[in-house]
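*Asks:* quick one: sequence plus predicted model below, questions after.
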Amino acid sequence: MHRRVAVLAALTLTVITGCAGGEDGPVGSVAPSASGQVAAGPPWHDEIAPAAAGGTVGGPGSGCELPVTFDVVKGRTAKPVSEDGLGQELAKITGATPRCEIDGRPDSAGFLRVWTAAQPTVEPRPALEAYLAGAGQLSSKVTDAQYRTVRAGTFDAVEVSWIATSENLDEKQREWALAVRAGEQTVLLTANESILAEIEDVVPGYRLAARTLAPIT
């Protein structure tokens with residue numbers, strides 16, 4: 001089991017160094033409008049347009065049943081993460097349980113994952129901080145963690161971006177996550193690059209998911 005935890009952790013999580021709280025950014029929008037500010041360039045890359053939708057994840061029959069729904073890129077398949085010892089171990093480490101994975105590696109687009117906070121009453125910002133702090137027990141180093149408040153679909157959300165440096169490959173990658181309150185749960189959406197992915201490969205699918213987040217009705 002410990003090897004499986006390490007494998008998933010290496011793909012999804014990062015070790016944090018320095019201040020876990022990171023920096024606060026301005027209020028922004030995951031879906032910038034004509035009247036809103038667009039935070040171009042790092043860390044947010046709001047200038048990158050969302051991908052076209054090819055399906056919806058979260059509802060019955062979608063591959064993953066979640067507290068939220070969101071659109072995914074055409075050809076991407078949602079797979080639930082088994083609720084076995086792996087998920088329980090990750091929940092202990094990060095304060096969040098993995099629920100669903102959308103694998104974009106066939107297009108070199110990394111991963112999208114959905115998590116639910118282990119503590120149902122935790123607010124979005126503390127949930128993200130716990131996720132990063134828990135990653136400090138695993139396989140990469142995190143720097144330049146920055147937070148901002150955004151609008152994600154129908155939700156008020158908190159978003160964080162950081163740089164993950166692999167201890168094994170000595171390679172830096174920009175990562176993103178956001179958290180929302182959905183009913184009586186806090187839901188996290190994380191975007192992780194693959195080794196071959198560029199920012200332009202990862203962000204469109206992440207933006208699509210974030211901008212279409214909606215509660216299950």
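*Replies:* Good, I have the coordinates.

*Asks:* and for Ala214, the neighbour number?
*Replies:* Neighbourhood size, Ala214 [other CB atoms under 10 Å]: 17. C-beta: built from backbone N, CA, C; applies to glycine.

*Asks:* mind picking out the helix or strand in this protein with the poorest mean pLDDT?
*Replies:* Within the chain, no helix or strand scores below strand 15-16, which has a mean of 30 by mean pLDDT, DSSP states H and E.

*Asks:* quick one: the strands in this protein?
*Replies:* Here the chain has its strands, by DSSP state E, at 15-16, 23-24, 53-57, 68-73, 78-80, 96-103, 111-117, 140-152, 155-166, 172-182, 185-192, 214-215.

*Asks:* and of those strands, who's closest to Asp46?
*Replies:* strand 140-152 (9.5 Å; CB to CB).

*Asks:* pairing partners for the closest one, with directions?
*Replies:* Next to strand 140-152 in the sheet, as set by DSSP bridges, lie strand 15-16 (parallel), strand 23-24 (parallel), strand 155-166 (antiparallel).

*Asks:* contacting residues around the residue most central in space within the chain?
*Replies:* Nearest to the geometric centre of the chain sits Thr190, at 0.9 Å (CA atoms, centre = their mean). Residues in contact with Thr190 (CB atoms under 8 Å, 6 or more residues apart in numbering) are 12, 111-113, 115, 131, 175-177.

*Asks:* which one of those residues is nearest Pro80?
*Replies:* Arg113 (11.1 Å).

*Asks:* number of nearby residues for the closest one?
*Replies:* Using other CB under 10 Å, Arg113 has 22 other residues around it.

*Asks:* that one and Leu189, how far apart?
*Replies:* To Leu189, Arg113 is 8 Å away according to CB to CB, to the nearest Å.
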